[in-house]
Structures are given as structure tokens and as C-alpha cells.
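Student: mind folding the following:
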Amino acid sequence: MKTGHAVKLLLLAAPCAALGILLMELPIGQPVRASRSAANQPYWPKFGYDAANTSRSPHLGPQTARLAWTYPVTQGRVINQQQTVDHDGTLYFATWGSWTWQAGQGERAHGKLYALYPNGSLKWEYDPLGPAADEYYLGTIETAATIGPDGTLYIGRGDGILRAVNPNGIEKWRWAVYPNANGRAQIFSSPAVSPTNGGALVYFGTGHYQILLWKGGTDAFYALEDRGTYTPTVQWTHPADAASGGTLPDWVFCNPAITPDGTVYFSAGNTLYAFAPNGQEQWRKTTVYQMYTPVIGADGTIYAQALGATGAIVALNPDKTTKWIYAAGTGETIVSKVAIGSDGTLYFGSGTLDDAHDPSPQPQNIGKLYALLDCGQNCVNEKWAPVDFGLAVGPPTIDAAGIIYLGLRGYQKGTPPVPGKVVALRDKGQGQGVAELWRVQVTGEVWSAAPVIGPNQTLYFGDAVCIDETTCDENTDVPSVYAIRPAETFLRLPIVVR
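Tutor: Numbering: from 1, shown residues only. Have a look, this model is predicted:
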């Protein structure tokens with residue numbers, strides 16, 4: 001552990017392109033299947049916390065801040081997605097691989113899944129193994145580690161293989177998505193899990209690789225059932241002919257949401273889909289926006305993260321009719337997914353894309369936090385004026401007391417570099433704005449994932465410090481996971497808090 005390492009928040013991870021490799025389904029490890037009691041539910045089980053992706057926890061986070069510990073990852077480069085936290089406080093997170101293969105250090109090219117004890121020490125690490133060390137993109141783990149009903153961990157990877165890992169770090173099974181003639185697509189979307197009688201339905205989507213006119217893999221949505229055996233069962237796919245090369249018109253890039261009746265929502269390109277648990281399409285809605293992660297409100301409203309010339313939140317009624325659309329300010333080209341407070345307030349951040357390979361990069365000094373009140377059909381109001389942070393604002397997390405936690409991306413390539421930050425805010429009420437409780441400034445950047453809440457009011461988040469492969473040193477520029485706890489629990493440590 002370290003306490004001296006200091007913390008890019010991409011609201012959307014940049015797509016990668018690389019060749020696909022065909023691998024057979026490999027049943028590995030001893031399956032474990034045992035339902036958990038209500039008392040043994042995870043603190044933070046998946047991306048967005050719950051099936052609806054609300055990012056609202058029933059647990060308290062820190063209202064004051066001290067750095068408890070950091071865990072540097074020397075074989076990862078980027079911690080891209082949210083961490084998850086099991087019922088016993090075990091923290092799970094995954095990494096990208098390295099940009100380049102180094103002689104004698106091929107293992108650096110593989111993203112890995114890590115489990116940490118609550119004190120920040122390593123419990124175990126899981127290496128998915130393969131592909132060859134020089135195939136960087138295929139080695140990335142693009143998703144959060146979703147915790148299933150029996151504690152099984154589900155992760156997706158750039159090689160197009162969904163992996164199930166037991167809570168002890170032993171692989172349970174792996175399942176390869178359907179390929180085209182050029183190989184398999186990547187798994188971008190963090191799996192969503194719905195319990196079944198004796199098992200779990202696991203939902204996720206894929207996005208193809210593309211280099212000029214060459215296309216590797218197909219874009220599809222999958223529903224697999226894990227019943228504790230060595231290999232999951234395919235319940236359905238969309239399109240239905242995915243096994244024979246059928247493909248959607250665009251990537252399934254972000255994360256599905258599930259309603260209490262089992263309806264699953266996901267997006268691909270400009271279209272949001274609704275499917276019944278048996279694979280029957282309920283409806284689809286196409287807009288002028290690129291649609292990303294949906295979040296479901298208490299009344300069934302679907303709030304979709306949407307990108308266009310200006311980022312927006314698109315609200316749809318459960319029958320797919322448009323309820324309202326709220327666009328962010330001029331120059332705010334992206335928005336985060338929504339987080340929903342206990343009173344129904346919709347919080348989201350805005351900013352601009354940051355692509356290390358963009359010849360005309362967007363300005364990086366733009367970013368606000370919004371709070372909206374959904375007042376019905378064709379009715380949405382700002383709760384208070386958007387708060388301008390001057391940096392891209394990531395997806396918020398809400399704790400049991402309504403405290404808002406969010407990352408400010410930072411900009412490592414700036415002159416001088418601009419460090420990322422994590423901020424805690426209190427909503428002062430309608431028209432009153434927010435009060436800042438504390439902020440932690442770090443040396444790298446905070447990327448796409450919101451902070452998560454674990455036991456003992458602990459807040460976790462990860463960073464990325466090796467952004468541009470042409471300038472970074474992978475031997476010294478390594479990402480870390482950070483744990484923040486209430487200040488009164490510790491002696492004062494040298495971090496920026498206010």
C-alpha cells in the first residue's frame with residue numbers, strides 16, 4: 001500500500017480497434033452456486049449500484065475526508081470502470097492492459113481482475129490469460145465486475161469472452177461471443193444480472209473492432225443463464241441470428257438497466273431497446289442522439305444519457321413516447337449518466353471528450369453539475385443553476401444522506417498538467433445550489449466511473465495516469481485505487497481537503 005500517490009475522467013471510454021482472435025469455449029474451475037441471505041448483500045454490486053442504474057446507495061459515505069490507503073497497480077495502466085464491493089467489504093476492480101508489449105514483461109499487456117481486503121491489502125488477482133502479449137486491445141477488461149446473486153463475478157473483455165469468476169478468484173467458466181469471419185467483437189457493457197429460479201440471467205452487449213473497411217466481430221446483445229454449471233446457456237440474442245453473423249447497426253457500448261418486472265433496456269447507436277426477459281422485443285426508440293446508459297426512475301421513466309452536438313438527457317415514458325429532452329449548455333458535448341436522489345432529483349455531469357489521438361482536441365476547461373426535477377409530460381425544471389467546475393464532471397454517486405460524490409476528470413496533457421479531483425457536495429435545496437464538503441486533489445486523472453461506497457463510510461475510486469502511450473512511462477506511471485474515510489477516523493494526512 002501507498003499513501004503518497006496522488007488521482008482522467010472520460011465520461012465515455014474511447015473505442016479501440018484491433019484484430020479479433022477465435023477461441024473455443026473453455027469450461028474451467030469448480031462452479032459455486034448458493035443463494036445469499038438478505039443480510040449478505042453487496043455494498044456496491046454493479047455499475048450504477050442497482051438494476052435501475054440509479055447510483056444511489058443505502059449506505060453512508062464520508063462527509064469529511066482522509067486518505068486511508070492507496071493500492072498501486074503495476075500491471076494495468078488504467079482503472080476504467082467502477083469498482084464493486086461485496087458484503088464482507090472485499091473490493092473488486094479491473095484494469096486495462098499496457099499499450100505496448102515489452103520484452104520479458106508480456107504480462108503487462110493483460111488487464112486483470114483484483115480483489116482487495118478492506119484494509120487495502122491484496123486478497124487475490126485473476127489473470128484471464130491470453131491473447132498474445134502484443135495484442136493490447138484484446139487484453140483490456142472494459143467492464144465493472146458485476147457481483148451475481150451467489151457472489152459470482154462477471155467481467156467482459158476486449159477478446160469478446162465473458163468470464164465468470166468465483167469469489168475465491170478461481171475461474172468458473174468462460175463464454176465466447178459469436179464471431180464473424182474476422183473474429184469476435186469486444187465486450188464493452190458491464191453485465192447486468194437478474195436472478196432466476198436457481199440461477200441468474202446475465203445481460204451484456206458487444207461492439208465490433210474496425211480498421212478502415214475491415215470489421216472484426218458483430219454488434220449484438222446477449223442474455224445468458226448461469227445455473228451453476230460449467231457453461232452458461234444462451235437464452236436469447238438480439239438480433240436473433242447473431243450466431244450466424246446477424247448484427248445491429250451500431251455498438252452496444254454502455255450498460256443495460258432492468259426493471260422490477262424484468263424488462264431490460266439497452267442502447268445501440270441512436271436506438272434504445274426494451275426487451276422482455278424471454279427475449280420478446282417490446283419496443284425500440286430511435287432519436288437524433290447517440291444513446292448510452294439508461295437509468296430507470298421510480299415511476300418507470302427511462303432517463304438515457306445521450307450525445308450529439310450537445311450532450312442531453314432523453315426522458316422516455318415506459319411506452320417509449322418522449323417525455324422530455326434536456327440539453328446541456330453550449331460546448332458541453334458529452335454528459336454522464338444520471339444519478340437519482342431519494343427525492344427524485346436527477347443529477348448528471350457534463351464536459352467534453354478527450355481523445356489522445358484527436359488532431360483537433362476539444363477544450364478541457366468545460367464541465368458542470370446539473371440537477372433536474374422531472375415535473376411530468378413535457379415538463380422538466382432545473383433545481384438550481386448548473387454548478388461550473390471548469391473540468392469535465394463525471395457520473396455522480398449519492399449516499400444515504402443525499403451527499404453527492406463525483407469526479408472532476410483533470411487533464412494530464414495540459415501545460416501545466418491539471419490534476420483530477422474527487423468532490424463531495426451537499427444539495428442545499430431548490431434554488432440554493434450545493435455546498436462543497438471536501439475535495440481530494442490527485443496527480444492523475446479520474447476517468448469514467450463514479451466513486452463507490454463500501455463499509456465504514458468508505459469511498460473508493462480509481463485513476464488513470466498513463467494516458468498517452470507516446471509520452472508515459474509504464475514502469476512508473478501506474479494507476480491506483482484510493483480509499484477515503486471520514487477525517488475523524490485518522491490522523492491528518494497530506495492531501496488537499498476543504
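Student: from the centroid of the chain, which residue is nearest?
Tutor: Closest residue to the average C-alpha location of the chain: residue 81 at 4.0 Å, with C-alpha atoms, centre = their mean.
Student: how close does that residue sit to residue 142?
Tutor: From residue 81 across to residue 142, the span is 7 Å (C-beta to C-beta, to the nearest Å). Any C-beta I mention is one placed from the backbone N, CA and C, and that applies to glycine too.
Student: cool, residue 416 as well?
Tutor: Taking C-beta to C-beta, one finds residue 416 at 31 Å from residue 142.
Student: out of the two, which sits in the busier spot?
Tutor: Neighbour tally, residue 416 and residue 142, criterion other C-beta atoms under 10 Å: the higher count belongs to residue 142, 23 against 6.
Student: skipping its backbone neighbours, what lies nearest that one in space?
Tutor: residue 188 (5.1 Å; C-beta to C-beta, 6 or more residues apart in numbering).
Student: repeat for residue 151
Tutor: Nearest non-adjacent residue to residue 151 (C-beta to C-beta, 6+ apart): residue 167, at 4.3 Å.
Student: and the one you found, how many neighbours?
Tutor: 20.
Student: flag every buried residue along the lowest-mean-pLDDT helix or strand in the chain.
Tutor: Lowest on mean pLDDT, DSSP states H and E among the helices and strands of the chain sits strand 209-211, with a mean of 84. By 16 or more other C-beta atoms under 10 Å, the buried positions in strand 209-211 come out as 209-210.
Student: can you list the strands that that strand pairs with?
Tutor: Sheet pairing of strand 209-211 (DSSP bridges) gives strand 214-216 (antiparallel).
Student: roughly how far is the strand it pairs with from the heart of the chain?
Tutor: Taking C-alpha atoms, centre = their mean, to the nearest Å, one finds the center of strand 214-216 at 25 Å from the center of the full chain.
Student: which parts of it are buried?
Tutor: 215-216.
Student: now swap in stretch 304-318 and tell me
Tutor: Buried, per 16+ other C-beta under 10 Å, within stretch 304-318: 304-307, 310-316, 318.
Student: now tabulate the residues you listed in CSV and tack on distance to residue 156.
Tutor: Converted to CSV, those look like this (distance: C-beta to C-beta, whole Å):
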residue, distance to residue 156
304, 21
305, 19
306, 23
307, 22
310, 30
311, 25
312, 27
313, 26
314, 25
315, 28
316, 26
318, 28
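Student: check those and tell me the two furthest apart.
Tutor: Greatest spacing in the buried residues of stretch 304-318, by C-beta to C-beta: 310 and 318 (26.2 Å).
Student: measure residue 463 to residue 441 for me?
Tutor: 12 Å.
Student: more neighbours, these two?
Tutor: Legend: neighbour count by other C-beta under 10 Å for residue 463 and residue 441, higher for residue 463 (30 against 17).
Student: out of everything not next to it in sequence, what's closest to residue 94?
Tutor: Residue 94 sits nearest to residue 141 (C-beta to C-beta, 6+ apart), 3.8 Å away.
Student: what's the neighbour count on that neighbour?
Tutor: Residue 141: 29 neighbours (other C-beta under 10 Å).
Student: residues touching it, list them.
Tutor: Counting by C-beta atoms under 8 Å, 6 or more residues apart in numbering, residue 141 touches 81, 94-96, 111-113, 128, 155-158.
Student: what do you get for residue 55?
Tutor: Applying C-beta under 8 Å, 6+ apart, the residues contacting residue 55 are 48-49, 295, 337, 339-340, 395-398, 450.
Student: closest one to residue 351 out of those, please.
Tutor: Nearest member of those to residue 351, counting by C-beta to C-beta, is residue 395, at 11.0 Å.
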